[in-house]
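Peer 1: Any chance you can model this:
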Amino acid sequence: MRRLNSSIRFSSVLWFSLWAVLALGYSVSYAQAHHEGAALNAVARSSIAAQEEHGEGEEHGHEHEHEEGESHHDAESHDAGDHGDEHHLGVQEAMAKDANRPDLAVWTGIVFLCFLVVLTKLAWKPMVTALDARENRVRKDIADAEAARVKAEQMLADHKTQLDKVQDEVKEILAEARRDAETAKNNILAEAKSEADALKDRAVTDIERAKDHAMKELFDRVNDRVVELSGYVLGRSMNDDDHRKLIDEAMGNFESHNASKT
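Peer 2: Next comes the predicted model:
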C-alpha cells in the first residue's frame, strides 16, 4: 500500500511538474516574442529616421548640385555609406540593448512564482485530497476484496463441515438400518424358532394325548377281554376286587413290556 501511495504521488507530481514546465516555457516564449517585437519596432524606427535623414541630405545635395558637380556625387555616396553604417549600428545597439534588458528574467521569475503560488493555493490541496480519496478508495476496495475472500473461505469451510456432517449422518443412518435389519432378522428367526418349538411341543403333546387316549381305549378293551376270558376260564363270575387285581397285573406286565421295548 505504501508503494502504491508513493507511486501515485510521484506520478502526480511528475505530471504537474511537466505541466508547470510547459506553462513556464510558453510564458518565456511569449516574453521573448514580445521583446523581439519591441526590438524590431526600435529597428524600424531607427531605419525610418535614417531614411528621413538620407532624404534631407539628398535635398541639400540638389541645392548645391550646380556648384559642386562631381564632388557632390562623391559626397552623396559617402553620406549614403555613413547613413548605412549608422543604420546598422542602430540595429546592433537596439538588439544589444534588448539582450541586456533584465526584465525578461524578472518577468519569467515572477510568472514562475505566481504559478507556484496558484498551484499551492488552488491545485495542491485538491490534488492531495483527490490522491487521498483515491488511496482510501483503493484501500477500501482491497479491504472489501479481502473481506469477501475471508467470507468465501468461511462459507466454503461451513459447506465442507455441513457436507461432512451429512456424510456422517448418512453413515449413521446406514449403520442404524443395518442394525435394524439385523435385529429384525434375529427377531424373525427367534419368532420362527419359537413358533417351531411351540408347534413341536404342541405336536408332542397331541401325540402324547392321542397315545394316552389310545392306550386307555386299549386297556379298556383288554380289560373287557380279560374279564370275559377270565370268567370263561374260571367258570365263575369275578367281583370287583378280582377285576382290580387282574387289571393291575395286566397293566404291570404291559408297562414292563413297553419299557423293555424302549
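Peer 1: Specify the residue ranges that define each domain of the chain.
Peer 2: Domains of the chain are assigned by automatic domain parsing as 2-149, 204-261.
Peer 1: Where among these is average confidence lowest?
Peer 2: Among the domains of the chain, domain 2-149 carries the lowest mean pLDDT, at a mean of 62.
Peer 1: Show me the longest helix that occurs in the protein.
Peer 2: In the chain, with assignment by DSSP state H, the single longest helix is helix 125-234.
Peer 1: could you say what helices and strands that one packs with?
Peer 2: The contact analysis (3 or more C-beta pairs under 8 Å, 6 or more residues apart in numbering; DSSP states H and E) places helix 125-234 against helix 2-63, helix 240-261. C-betas here are computed from N, CA, C, even on glycine.
Peer 1: at 6 Å what do you get?
Peer 2: helix 240-261 (3 or more C-beta pairs under 6 Å, 6 or more residues apart in numbering; DSSP states H and E).
Peer 1: Val106 and Leu116: what is the separation?
Peer 2: Distance from Val106 to Leu116, counting by C-beta to C-beta, to the nearest Å: 16 Å.
Peer 1: I'd like to know how many residues surround Thr161.
Peer 2: Number of residues near Thr161 (other C-beta atoms under 10 Å) recorded here: 10.
Peer 1: just the one 3 residues further on next, same as before
Peer 2: By other C-beta under 10 Å, the residues close to Asp164 number 10.
Peer 1: Kindly report the same for Val138.
Peer 2: The tally of other residues near Val138 (other C-beta under 10 Å) stands at 14.
Peer 1: what do you get for Leu131?
Peer 2: Residues contacting Leu131 under the criterion other C-beta under 10 Å number 16.
Peer 1: For it, give its distance to Phe115.
Peer 2: In terms of C-beta to C-beta, Leu131 sits 20 Å off from Phe115.
Peer 1: And Ala198, by the same measure?
Peer 2: For Ala198, the distance to Phe115 equals 117 Å [C-beta to C-beta].
Peer 1: Which residue of those two possesses the greater neighbour count?
Peer 2: More crowded of Ala198 and Phe115, by other C-beta under 10 Å: Phe115, with 16 against 10.
Peer 1: Can you tell me the element the more buried one falls in?
Peer 2: helix 103-118 (DSSP states H and E).
Peer 1: which parts of that helix are buried?
Peer 2: For helix 103-118, burial by neighbour count (16 or more other C-beta atoms under 10 Å) applies to 107-108, 111-112, 115.
Peer 1: Pick the one among these closest to Val170.
Peer 2: Closest approach to Val170 among these (C-beta to C-beta): Phe115, at 77.2 Å.
Peer 1: Count the residues that sit near Ala177.
Peer 2: By the criterion of other C-beta under 10 Å, Ala177 has 10 neighbours.
Peer 1: That one and Asp168: what is the separation?
Peer 2: As for Ala177, its distance to Asp168 is 15 Å (criterion: C-beta to C-beta).
Peer 1: and if you look at Lys151?
Peer 2: Counting by C-beta to C-beta, the gap from Lys151 to Asp168 is 25 Å.
Peer 1: Same check on Asp180?
Peer 2: Asp180 sits at a distance of 18 Å from Asp168 (criterion: C-beta to C-beta).
Peer 1: Same check on Thr129?
Peer 2: 57 Å.
Peer 1: and if you look at Trp107?
Peer 2: Plainly put, Trp107 is 87 Å away from Asp168 if you go by C-beta to C-beta.
Peer 1: Ok, Ala152 next?
Peer 2: Separation of Ala152 from Asp168 (C-beta to C-beta): 24 Å.
Peer 1: do the same with Met127
Peer 2: Per C-beta to C-beta, Met127 is found 61 Å from Asp168.
Peer 1: who's more crowded, those two?
Peer 2: Using other C-beta under 10 Å, the more surrounded residue of Met127 and Asp168 is Met127, with 16 against 10.
Peer 1: mind listing what that one touches?
Peer 2: Counting by C-beta atoms under 6 Å, 6 or more residues apart in numbering, Met127 touches no other residue.
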